[in-house]
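**Student:** kindly return the folded structure for what I paste below:
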Amino acid sequence: MARVRARRLGIWLIGGLAALVVLVVGGTWVYIHVIEGPAPAPLSLKPASASSAAGTGTTTSKAVTGSWRVAAGSVVGYRVDEVLAGQQNVAVGRTSDIAGSMTIRGDAVTAASFTVQMATIKSDESERDVQFNGRIMQTASYPTGTLTLTAPVELGTLPSDGEIRTYHAAADLTLHGHTRRVTFAVQAERTSAGIEVSGSIPVLFSDFGIGNPSFPPFVTTQNHGVLEFLIKFSQS
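**Tutor:** Below is the predicted model of the structure:
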């Protein structure tokens with residue numbers, strides 16, 4: 001009789017654990033795909049409408065030569081693939097706390113530098129932000145991230161207003177107290193309000209002394225992510 005009772009208890013325990021797993025996985029799926037919804041789309045430029053671009057003509061070098069500062073509406077952030085309780089998810093954090101400028105001389109961007117206050121980067125999950133500011137990025141010790149152009153970006157023939165062009169840049173990226181040289185593509189557009197630039201930079205966490213963001217057993221991530229940006233400039 002005791003053996004039968006023990007067997008029944010074991011069956012109940014196994015069944016209970018299985019039900020718990022179903023509830024956790026199912027609840028996570030509902031939260032990610034129904035309650036939370038999809039992650040924000042990657043930052044990118046929005047082509048000007050035909051009506052707003054018509055009649056603007058070709059931008060002249062005189063119109064863009066000079067100093068430009070980061071303007072309102074600029075956004076910088078991260079994008080990392082993660083597995084949350086067995087469910088695929090994309091973690092996204094962003095901030096508009098960006099300072100910086102660029103200089104254009106003739107047909108080239110000759111200088112550019114940007115600084116982001118890392119603790120202002122927020123995602124849709126407060127616990128993720130706690131981990132980001134604490135053990136992952138240690139923002140109390142490394143409060144800023146910076147990007148500084150290391151070589152001119154040749155613009156060639158300047159595009160018309162509303163036309164999006166792709167260029168390539170080289171810069172020093174500093175995160176978590178480590179600086180690495182990075183190369184990346186950027187898209188730029190001359191608008192009625194100024195200049196907008198968008199792009200993304202792959203980041204291998206170990207290159208910057210950043211520990212893997214995984215928080216086992218609940219969250220696991222890849223060993224890399226993407227720094228994405230949309231910077232709007234107004235002329236100084």
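
**Student:** tell me what the most centrally placed residue in the chain is bridged to.
**Tutor:** Against the mean C-alpha coordinate of the chain, by C-alpha atoms, centre = their mean, the closest residue is Y78 at 2.6 Å. Beta bridges link Y78 to G93, L227, judged by DSSP bridges.

**Student:** pLDDT wise, what is it at?
**Tutor:** At Y78, the model reports a pLDDT of 97.

**Student:** domains of this structure?
**Tutor:** In the domain annotation for the chain, the residue ranges read 1-37, 43-235 (automatic domain parsing).

**Student:** any idea which of those domains is most buried?
**Tutor:** Ranked by mean neighbour count, the domains of the chain are led by domain 43-235 with a mean of 16 (mean count of other C-beta atoms under 10 Å). For the C-beta atoms, the positions are set from N, CA and C on the backbone; glycine is no exception.

**Student:** what about that one, how long is it end to end?
**Tutor:** By C-alpha to C-alpha, to the nearest Å, the extent of domain 43-235 from end to end equals 22 Å.

**Student:** could you do stretch 158-165 as well?
**Tutor:** Stretch 158-165 has an end-to-end distance of 9 Å (C-alpha to C-alpha).

**Student:** ok, now stretch 188-196?
**Tutor:** OK, stretch 188-196 end separation, C-alpha to C-alpha: 6 Å.

**Student:** over to stretch 152-169?
**Tutor:** Stretch 152-169 end-to-end distance (C-alpha to C-alpha) = 8 Å.

**Student:** tell me, please, the helix or strand in the chain that averages the lowest pLDDT.
**Tutor:** helix 50-53 (a mean of 44; mean pLDDT, DSSP states H and E).

**Student:** wait, isn't the residue nearest to the centre of the chain in contact with G225?
**Tutor:** Yes - judged on C-beta atoms under 8 Å, Y78 makes contact with G225 at a distance of 5.4 Å.

**Student:** need the residues touching each of the two.
**Tutor:** V203 (C-beta atoms under 8 Å, 6 or more residues apart in numbering).

**Student:** for the residue lying closest to S141 once chain neighbours are set aside, list the residues it contacts.
**Tutor:** Leaving aside its sequence neighbours, S141 sits nearest to G177 (C-beta to C-beta, 6 or more residues apart in numbering; 7.3 Å). Listed by C-beta under 8 Å, 6+ apart, the contact partners of G177 are S141, Y142, G209.

**Student:** how much space is there between the first one and H176?
**Tutor:** Same thing as S141. As for S141, its distance to H176 is 9 Å (criterion: C-beta to C-beta, to the nearest Å).

**Student:** now swap in V90 and tell me
**Tutor:** Relative to H176, and taking C-beta to C-beta, V90 is found at 22 Å.

**Student:** can you check R135 too?
**Tutor:** 11 Å.

**Student:** could you pull out the helices for the chain?
**Tutor:** Secondary structure of the chain (DSSP state H): helices located at 2-30, 50-53, 61-64, 126-131.

**Student:** from the chain's centre, how far out does the last one sit?
**Tutor:** Offset of helix 126-131 from its chain centre (C-alpha atoms, centre = their mean, to the nearest Å): 16 Å.

**Student:** which stretches of this protein have low pLDDT?
**Tutor:** Residues of the chain meeting the criterion pLDDT under 70: 1-37, 48-62, 85.

**Student:** let's see that with 90 instead.
**Tutor:** Within the chain, the stretches with pLDDT under 90 are 1-39, 46-63, 83-88, 157-162, 192, 211-220, 236.
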